[in-house]
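Chemist: could you look at this predicted model? Sequence included:
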Amino acid sequence: MRVWRVQKPGPLTHRPLRLTDEPRPEPVDGELLVRVLACGVCRTDLHLVEGDLPVHREHVTPGHEVVGEVVEPGEAFRRGDKVGIPWLRGTCYHCRFCRGGHENLCPKSHYTGWDVDGGYADYATVPEPYALPLPNNYSDVELAPLLCAGIIGFAALKRAELPAGGRLGIYGFGASAHLAAQVALAQGATVHVLTRSAKARALVRVRGRLARCLGR
Ligand SMILES: [Zn+2]
Ligand SMILES: [Zn+2]
């Protein structure tokens, strides 16, 4: 299969990623084998590739916004099911964060595309409890950014406890914010965005117009 690996972390101008040809990964107990249909590029992938984050696995394959179809099924997923592979890949299940529903804070957590190979490849594996079922009525490319930016934005929106028809203030307007804003608009919120970047302000206007077109 085709697979991208970090040859040596460094500036993108030095081409730190290399395309190689390797056998498919072998899923271990409790893992699904997934054929990758699309994989988003997250800022964290760039941090990894450029060497801003410490190396957890040498020559790792980045990519943690993975949309794929199950090739080797598990207990809850059948062959052909569409699944997402997110950043969080495993936790201890026992610490107070895991037991309290905040497993993303688990000190023993590990991550797709950092500790274990991710989705810049034809195939990837995922532990079944961390595979997310995905709907078929969206394109793979539309779904991919939801696997990291979408999860972050949605988690933040939930924590904001926005009342129905409330006002939401967003400081900065990157990948997760622009997705969270669309969810909030769809829920009937009034959204205020504060950002200095001209590019981000232009994106706010596009999203705002889109929301008005949809009658929200
Ligand atoms: Zn990410
Ligand atoms: Zn834990």
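Modeler: The structure has been received and is ready for your questions. Ligands and ions are numbered 1, 2, ... in the order given.

Chemist: what's near enough to touch the residue nearest the centre of the chain?
Modeler: By CA atoms, centre = their mean, the chain has its centre lying nearest to residue 148, at 2.4 Å. When contacts are counted by CB atoms under 8 Å, 6 or more residues apart in numbering, residue 148 is found next to 40, 42, 44, 64, 65, 86, 87, 175, 176. (Each C-beta comes from the backbone N, C-alpha and C, glycine too.)

Chemist: contacting residues for residue 168?
Modeler: Here residue 168 is in contact with 157, 160, 162, 181, 184, 189, 190, 191, 192 (CB under 8 Å, 6+ apart).

Chemist: how near is the fourth one to residue 40?
Modeler: When CB to CB, to the nearest Å is the yardstick, residue 181 and residue 40 sit 18 Å from each other.

Chemist: now residue 196
Modeler: Relative to residue 40, residue 196 is positioned 25 Å away (CB to CB).

Chemist: hey, where'd the strands end up in this protein?
Modeler: 2-6, 17-21, 31-39, 66-72, 82-85, 88-90, 110-111, 123-127, 132-133, 167-171, 190-194 (DSSP state E).

Chemist: JSON lines for those strands, including distance to ligand 2?
Modeler: Output for the strands of the chain, formatted as JSON lines (distance: least, CB to the ion, whole Å):
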{"stretch": "strand 2-6", "distance to ligand 2": "27"}
{"stretch": "strand 17-21", "distance to ligand 2": "32"}
{"stretch": "strand 31-39", "distance to ligand 2": "19"}
{"stretch": "strand 66-72", "distance to ligand 2": "23"}
{"stretch": "strand 82-85", "distance to ligand 2": "20"}
{"stretch": "strand 88-90", "distance to ligand 2": "10"}
{"stretch": "strand 110-111", "distance to ligand 2": "11"}
{"stretch": "strand 123-127", "distance to ligand 2": "14"}
{"stretch": "strand 132-133", "distance to ligand 2": "19"}
{"stretch": "strand 167-171", "distance to ligand 2": "30"}
{"stretch": "strand 190-194", "distance to ligand 2": "34"}
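
Chemist: can you tell me which of the ones you listed is nearest to ligand 1?
Modeler: Evaluated over the strands of the chain, closeness to ligand 1 peaks at strand 110-111, with 9.1 Å, by CB to the ion.

Chemist: understood, closing this out.
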